[in-house]
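>>> Predicted coordinates and the sequence they were generated for:
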Amino acid sequence: MGKYIVVFLIGGLLGTAAGFALGIFVYPYIFLADIVGMERVESPGARKVVARGTFVHANPSDPIHYGKGGVTVYQNLLHLESDFEVGPGPKFHVYLVPEKNVTPSTKVETLMYVDLGRLKAFKGSQNYPIPAGVDLSRYETVVIWCEQFSVLVSPAALKRL
């Protein structure tokens, strides 16, 4: 009888762990963001481009937290390009960060970052207004940051134009 209880408890623990792991991957797709963003920049020719960058996979040993694609920073708008993509997860935010080389060991949460809002989609073009009064010359990197787990998802170092 004791053997069955142990098997039952181990099976319950393994089932719970598997359900939790599956939920981490499926939940963001269902509830947290659209599959593909398709926002455009209104009058792109009339806007002044301040900087551009490309998202990189910050930690190649981490297959879950990755990013790729372009970002364009205008005077009052940050635009994630149509080739933008990140691995799914909960509570991803778009930050402007004053550091040039942001790595997984960078303590982003302790920096004077500007939170532009929650990521709208894991893939595709998206727009984020930059609040009035933000001095863009102080910010060197755009970061996709997981607020729930304090994890760097993907940085994009900005090149001034």
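Ah, there it is. Numbers count the residues shown, from 1 in each chain.

>>> Show me what the longest strand along the chain pairs with in its sheet, parallel or antiparallel.
Counting residues, the longest strand found in the chain (DSSP state E) is strand 151-160. Sheet pairing of strand 151-160 (DSSP bridges) gives strand 49-55 (antiparallel), strand 141-146 (antiparallel).

>>> which residues of this protein fall in helices?
Ranges of helices in the chain, per DSSP state H, are 2-27.

>>> contacting residues for the most centrally placed residue in it?
By Cα atoms, centre = their mean, the mean C-alpha position of the chain lies nearest to residue 144, the distance being 2.9 Å. By Cβ atoms under 8 Å, 6 or more residues apart in numbering, the contact set of residue 144 is 55, 67, 86, 92-95, 119, 152-155. (C-beta placed from N, C-alpha, C; glycine too.)

>>> Among the residues you listed, which one has the most neighbours?
residue 155 (29 neighbours; other Cβ atoms under 10 Å).

>>> That residue: what's it in contact with?
With contacts defined as Cβ under 8 Å, 6+ apart, the neighbours of residue 155 are 55-56, 58, 67, 97, 102-103, 141-144.

>>> who does residue 77 bridge with?
residue 129.

>>> mind checking how far it is from residue 110?
Distance, residue 77 to residue 110, by Cβ to Cβ, to the nearest Å: 27 Å.

>>> More neighbours: the two, which one.
Legend: neighbour count by other Cβ under 10 Å for residue 77 and residue 110, higher for residue 77 (17 against 7).

>>> Would you confirm that that one contacts residue 39?
No: Residue 77 sits out of contact with residue 39 when judged by Cβ atoms under 8 Å, with a separation of 10.2 Å.

>>> Between these two, which contacts overlap?
residue 127.

>>> any weak-confidence spans in this protein?
21-35 (pLDDT under 70).

>>> Domain map for it?
Structural domains assigned to the chain are 1-32, 37-160, following automatic domain parsing.

>>> From residue 90, how far out is the nearest residue to the residue nearest to the centre of the chain once chain neighbours are set aside?
The shortest distance from residue 144 to any non-neighbouring residue, by Cβ to Cβ, 6 or more residues apart in numbering, is to residue 153 (4.1 Å). Here the criterion is Cβ to Cβ. By it, residue 153 lies 11 Å from residue 90.
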